[in-house]
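Enquirer: Here's a sequence, model it:
(chains A and B, ligands or ions: 2)
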There are 2 protein chains.
Amino acid sequence: MPEQNPIEHLIGLLARLPGFGRRSARRAVLKMLMQPEQAMLPLAAALQEAAAAVQPCRICGNLDAVNPCGICRDPQRDHGLICVVEGVSELWALERAHAHRGLYHVLGGTLSALGGVGPEDLAVQPLLARIEGAAEPVREVILALPATVDGATTAHYLTDRLRPTGVQVTRLAQGVPIGGALDVLDEGTLAAALKARRVV
Amino acid sequence: MPEQNPIEHLIGLLARLPGFGRRSARRAVLKMLMQPEQAMLPLAAALQEAAAAVQPCRICGNLDAVNPCGICRDPQRDHGLICVVEGVSELWALERAHAHRGLYHVLGGTLSALGGVGPEDLAVQPLLARIEGAAEPVREVILALPATVDGATTAHYLTDRLRPTGVQVTRLAQGVPIGGALDVLDEGTLAAALKARRVV
Ligand SMILES: [Zn+2]
Ligand SMILES: [Zn+2]
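Expert: Ligands and ions are numbered 1, 2, ... in the order given. Modelled structure (predicted):
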């Protein structure tokens, strides 16, 4: 079959998704082709809708179809408590754990000497500006960063930068495995680590 | 996040695909959301194109964007040799093995007393009609059916029905594991079994 064949083209695009190999892509395409109206067109529409509607929240960096995001605009949440995460994936993991009732701040990575990631590459300044300009005073910033060297470096750096604001800085309790990525942890571990957080 | 949220909606649709759990669906959506123009819109377009263009071949039952399919219309292939497969998945597996240079016939399943699948539910009559009406005489029909009870029943049934046509009926050599599905076999095993096929 030539590369421009629509079946091969679709399999190729699906196979590029993380967690999706060529074999699963083939199986998925075959299953969808059995009922194109019910399976393929709704998925196409959902992709287009998400691509058109979803954008990063201008306050916290979460991805949502509204801006500010649903979390930032939720009056039921504690706006005096901000949980700093590396990325949206970690934010979603914490939301699934139903353990955090405050807001978030997506850094967009961690500091990395080897990777050439400096403070100006992360949303550090927006975090400070957000705390300075908050309508409701921020009492506490929880650093929910990965338990890696880069995560620890980033936590130390943020602690220093946050000191002048007078906000209490805490971090997740030990319980997060060393070297472990937050977004693949089970929800119970995440919830426990969040609950047992300590002042830095 | 409510169910009508476009992100959750998209994750839900992707998670329904075979081989794709909720976790991989989340990872895939997050990755795509990082570059919606490059990742989501091309996939949406490919789904729509496949849904619109792909249909079962009126001769062999293969799925393709042209009808008759690219295999049936290929003059380089041996039109006197037809390989009977349970489904399109098995057809694709044999194509990947590059072992069969003839045509195919997709049965659409196997006979199953328990499943209530009878000969009239499968493309048996179209196979006989195709052999009777062939412009180039069919010399051989290869039964590439699964090595299961239902596969063996179907092979016996087809052998009986094909006898009056005088066509030589062969089956895949032993080498296909008992109870194994053809489309998850490695390509070498499939190619060897096809090469060592025996007269039934
Ligand atoms: Zn937000
Ligand atoms: Zn065909």
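Enquirer: Now do the longest helix seen in chain A: which elements does it pack against?
Expert: Taking DSSP state H as the criterion, chain A has its longest helix at helix A:36-53. If you count contacts as 3 or more Cβ pairs under 8 Å, 6 or more residues apart in numbering or on different chains; DSSP states H and E, helix A:36-53 packs onto helix A:22-34, helix B:6-15, helix B:22-34, helix B:36-53. For every residue, glycine as well, the C-beta is placed using N, CA and C.
Enquirer: how about the CA coordinates for it, as PDB?
Expert: Extracted C-alpha coordinates of helix A:36-53, given in PDB (Å, rounded to 0.1, in the frame of the first residue of the first chain):
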ATOM      1  CA  PRO A  36     -16.800   5.000  10.600                       C
ATOM      2  CA  GLU A  37     -19.900   7.100  11.300                       C
ATOM      3  CA  GLN A  38     -20.000   6.100  15.000                       C
ATOM      4  CA  ALA A  39     -16.200   6.000  15.700                       C
ATOM      5  CA  MET A  40     -14.200   8.100  13.300                       C
ATOM      6  CA  LEU A  41     -16.300  11.200  12.700                       C
ATOM      7  CA  PRO A  42     -17.000  11.800  16.400                       C
ATOM      8  CA  LEU A  43     -13.300  11.500  17.200                       C
ATOM      9  CA  ALA A  44     -12.400  13.900  14.300                       C
ATOM     10  CA  ALA A  45     -15.000  16.400  15.600                       C
ATOM     11  CA  ALA A  46     -13.600  16.100  19.200                       C
ATOM     12  CA  LEU A  47     -10.100  16.700  18.000                       C
ATOM     13  CA  GLN A  48     -11.100  19.800  16.100                       C
ATOM     14  CA  GLU A  49     -13.200  21.100  19.000                       C
ATOM     15  CA  ALA A  50     -10.300  20.600  21.400                       C
ATOM     16  CA  ALA A  51      -7.800  22.200  19.000                       C
ATOM     17  CA  ALA A  52     -10.100  25.200  18.600                       C
ATOM     18  CA  ALA A  53     -11.200  25.600  22.200                       C
END
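Enquirer: Next, the buried residues of that helix.
Expert: Of all the residues in helix A:36-53, those buried under the rule 16 or more other Cβ atoms under 10 Å in any protein chain shown are A:36, A:39-41, A:43-51.
Enquirer: and the helix or strand that that helix is followed by, does that touch ligand 1?
Expert: Sequence-wise, the next helix or strand downstream of helix A:36-53 (DSSP states H and E) is strand A:55-56. No. Counting by Cβ under 5 Å from the ion, no contacts exist between strand A:55-56 and ligand 1, the nearest distance being 8.5 Å.
Enquirer: so can I have CSV of the buried residues of helix A:36-53 showing pLDDT?
Expert: Shown next, in CSV, are the buried residues of helix A:36-53 (pLDDT from 0 to 100):
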residue, pLDDT
A:P36, 88
A:A39, 90
A:M40, 94
A:L41, 96
A:L43, 95
A:A44, 96
A:A45, 96
A:A46, 95
A:L47, 96
A:Q48, 96
A:E49, 95
A:A50, 95
A:A51, 95
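Enquirer: Mark out where each domain of chain A begins and ends.
Expert: A:6-53, A:63-171 (automatic domain parsing).
Enquirer: Can you say which of the ones you listed is nearest to ligand 2?
Expert: domain A:6-53 (13.3 Å; Cβ to the ion).
Enquirer: As a check, name the ranges of all strands in chain A.
Expert: With DSSP state E as the criterion, chain A has strands at A:55-56, A:63-64, A:78-85, A:102-106, A:140-144, A:168-171, A:198-199.
Enquirer: give me the low-pLDDT residue ranges for chain A?
Expert: Residues of chain A meeting the criterion pLDDT under 70: A:1-4, A:174-180, A:198.
Enquirer: Next one: the closest residue to A:A53 other than its chain neighbours relative to ligand 1, how far apart?
Expert: Closest residue to A:A53 apart from its sequence neighbours, by Cβ to Cβ, 6 or more residues apart in numbering or on different chains: A:A65 at 4.0 Å. Distance, A:A65 to ligand 1, by Cβ to the ion, to the nearest Å: 12 Å.
Enquirer: For burial, what's the neighbour tally of A:A65?
Expert: 19 (other Cβ atoms under 10 Å in any protein chain shown).
Enquirer: A:L145 contacts A:V85, doesn't it?
Expert: Yes. Using Cβ atoms under 8 Å, A:L145 is in contact with A:V85, at 7.5 Å.
Enquirer: so what sits against both of these two?
Expert: Listed as contacting both A:L145 and A:V85 by Cβ atoms under 8 Å, 6 or more residues apart in numbering or on different chains are A:L107.
Enquirer: What about A:A65? Give its phi and psi, please.
Expert: With angles defined as degrees, to the nearest 10, A:A65 shows backbone torsions of phi -90, psi -10.
Enquirer: Could you check how far it is from A:R58?
Expert: 14 Å (Cβ to Cβ, to the nearest Å).
Enquirer: who touches stretch A:45-58?
Expert: Here stretch A:45-58 has contacts from A:62-65, A:67-69, A:71-72, A:106, B:6-7, B:9-10, B:13, B:29, B:32-33, B:36-37, B:40-41, B:43-44, B:47, using Cβ under 8 Å, 6+ apart.
Enquirer: May I have the distance across stretch A:46-66, first residue to last?
Expert: 16 Å (Cα to Cα, to the nearest Å).
Enquirer: Determine how far it lies from the middle of the whole chain.
Expert: 13 Å (Cα atoms, centre = their mean, to the nearest Å).
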